[in-house]
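Engineer: Build the 3D model from these lines:
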Amino acid sequence: MALEIERKFLLGEFPGTLIGSGKLLVQSEQRIEQTYLAIDEKQELRVRRITDLASGRVEYTHTFKNGNGLSREEIEYSISESIYGQVIGAFRAVPLSKTRVTALWGETVIEIDSYDQVELIVAEVEFGSVEEARLFAAPEWFGADISDNRQYSNKTVWRELQKQSQSSDAEAANKGNSINAAGGNGHV
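Structural biologist: Numbering: from 1, shown residues only. Sure thing, here's the model as predicted:
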C-alpha cells in the first residue's frame, strides 16, 4: 500500500495575484466530484470523476485510505465510467465538488482546492517522507496548517454536505405534505 504524506493549509483567498505575477505557475486545472462510499474513524472508501479542464479528458477513480493526519496509506486505481455511474446511482449521495489547480511555487508542487458547496480553499503539498513534510517551511500566504484538523478533511466536509442535502429534502417533503393536506395538488 502506498503512503500519502501531505500537509494542508487553509487559504484566505485564491492566490490569483501570485498566478498573475508568475510567482505561482499553473500546471493543470481539474474539476473533481467525489463521493464517499464508506467512512469510519480511520478508513475511507471513495470514488471520483476528474475532468481535466484544458483537454476535457475525464477519468474515474476508486480510492481506499487508511489513517488520519500527516501520513496515510492509500490505494487508488482507475475504474470505468460505467462502474462509476452504477456506484453513484446506487448511493444517491450528493458529490463534493471542487476545482483543483496544480501549480509550482519554486520547486514545490501545490494543489489548491476551491470547493463549490462550502466557502473553503485549501492548499495541499505532498512529500516523500514525514521528515520532509515536518521540515517544510510554508510561505506566508498559505495560512493556518490544518493537516491534523479533521474539521477540514474532505470526508468531514462531504458528511456535512449530506446532512444539508437530507435536511433540504425533508423540508421540501414537508412543504409538499402541507400543500396536499390543505387541499392543494402539490404543485406550486
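
Engineer: Direction included, what does the lengthiest strand in the chain pair against?
Structural biologist: Longest strand of the chain, by residue count under DSSP state E: strand 24-39. The pairing partners recorded for strand 24-39 under DSSP bridges are strand 43-52 (antiparallel), strand 96-105 (antiparallel).

Engineer: This protein: strands as residue ranges?
Structural biologist: 2-10, 24-39, 43-52, 58-66, 71-79, 96-105, 108-115, 121-126.

Engineer: What are the buried residues along the second one?
Structural biologist: Think strand 24-39. By 16 or more other C-beta atoms under 10 Å, the buried positions in strand 24-39 come out as Leu24, Gln30, Ile32, Glu33, Gln34, Thr35, Tyr36, Leu37, Ile39. C-beta here means a position set from N, CA and C on the backbone, and glycine is covered the same way.

Engineer: For that strand, what is the distance to the chain centroid?
Structural biologist: 6 Å (C-alpha atoms, centre = their mean, to the nearest Å).

Engineer: model confidence over it, on average?
Structural biologist: For strand 24-39, mean pLDDT rounds to 97.

Engineer: still on that earlier bit, make CSV out of the strands paired with strand 24-39 and add mean neighbour count.
Structural biologist: Output for those, formatted as CSV (neighbours: other C-beta atoms under 10 Å):
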stretch, mean neighbour count
strand 43-52, 18
strand 96-105, 18
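
Engineer: for those strands, which one sits closest to Ala2?
Structural biologist: strand 43-52 (15.0 Å; C-beta to C-beta).

Engineer: follow-up on the earlier one: can I get the strands of the chain in TSV including distance to Gln151?
Structural biologist: Listed next are the strands of the chain as TSV, based on distance: least, C-beta to C-beta, whole Å:
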stretch	distance to Gln151
strand 2-10	10
strand 24-39	15
strand 43-52	16
strand 58-66	17
strand 71-79	17
strand 96-105	15
strand 108-115	13
strand 121-126	11
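
Engineer: which residue sits closest to the residue nearest the centre of the chain, ignoring its sequence neighbours?
Structural biologist: The centre of the chain sits closest to Asn154, judged by C-alpha atoms, centre = their mean, with a distance of 4.9 Å. Spatial nearest neighbour of Asn154, chain neighbours left out: Leu96 (6.3 Å); criterion: C-beta to C-beta, 6 or more residues apart in numbering.
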